[in-house]
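K.L.:
Okay, here's the prediction I keep looking at, along with the sequence it came from:
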Amino acid sequence: MTAHSDRETMQRARAAARLNAVQALFQMEATGGALDDVRHEFETHRLGATLGDEEELAEADLWLFRALLEGAVERQAKIDQMTDRALVAKWPIARIDPTLRALFRAAGAELVGRDTPPRVVVNEFVEVAKAFYPEGREVKFVNAVLDHMAREAKPDAFA
């Protein structure tokens, strides 16, 4: 393997971790599932799984998946407040689509709990949004909200 293909493999693994973290957070909210139970289900049955006749999903970065899931749960109040400030006053986080809520929580966990450059976090989670909303309308909304959250979480990166 070349350094280039190693880097691509790592990028795909991190992208898969972000996507799976959003799905796990959505599942936790939808079913009332506990963090440990949902994390175990994903780690045992979903991460790197094969979907029918389709190709195998990218192997997820397990460490990042766990960090995003745990960070979103541990810092949910702070992340939700950050998200609320980024949303229009008429649309608090409780009123938005549960998939978007999960996405904002996973992205918020990376913004406040990791050293990932904020622009990378925004770009990566905009890509995740495209997987859930291929029509694109919500993707612009996600980009705007995440940009606001990133500027609040790490203002020095935008100076």
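P.N.:
Cool, got the structure.
K.L.:
Now the closest residue to residue 158 other than its chain neighbours: which helix or strand?
P.N.:
The spatial neighbour of residue 158 that comes closest, neighbours along the chain excluded (Cβ to Cβ, 6 or more residues apart in numbering), is residue 151 at 5.3 Å. In this view, the C-beta of every residue, glycine as well, is placed from N, C-alpha and C. Element membership for residue 151 (DSSP states H and E) is helix 137-153.
K.L.:
and that helix, what does it pack onto?
P.N.:
Contact here means 3 or more Cβ pairs under 8 Å, 6 or more residues apart in numbering; DSSP states H and E; on that basis helix 137-153 packs against helix 76-86, helix 98-113, helix 118-132.
K.L.:
could you say what helices and strands the second one packs with?
P.N.:
Under the contact criterion of 3+ Cβ pairs under 8 Å, 6+ apart, helix 98-113 touches helix 3-31, helix 62-74, helix 76-86, helix 118-132, helix 137-153.
K.L.:
May I see these organised as CSV, with mean neighbour count and distance to residue 92 added?
P.N.:
Formatted as CSV, the entries for those read as follows, by neighbours: other Cβ atoms under 10 Å; distance: least, Cβ to Cβ, whole Å:
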stretch, mean neighbour count, distance to residue 92
helix 3-31, 18, 15
helix 62-74, 19, 18
helix 76-86, 17, 5
helix 118-132, 19, 19
helix 137-153, 18, 12
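K.L.:
can I get these in a markdown table with distance to residue 43 and mean pLDDT?
P.N.:
Output for the helices and strands packed on helix 98-113, formatted as a markdown table (distance: least, Cβ to Cβ, whole Å; pLDDT from 0 to 100):
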| stretch | distance to residue 43 | mean pLDDT |
| --- | --- | --- |
| helix 3-31 | 9 | 90 |
| helix 62-74 | 7 | 95 |
| helix 76-86 | 21 | 93 |
| helix 118-132 | 19 | 95 |
| helix 137-153 | 26 | 92 |
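K.L.:
Perfect, that will be all.
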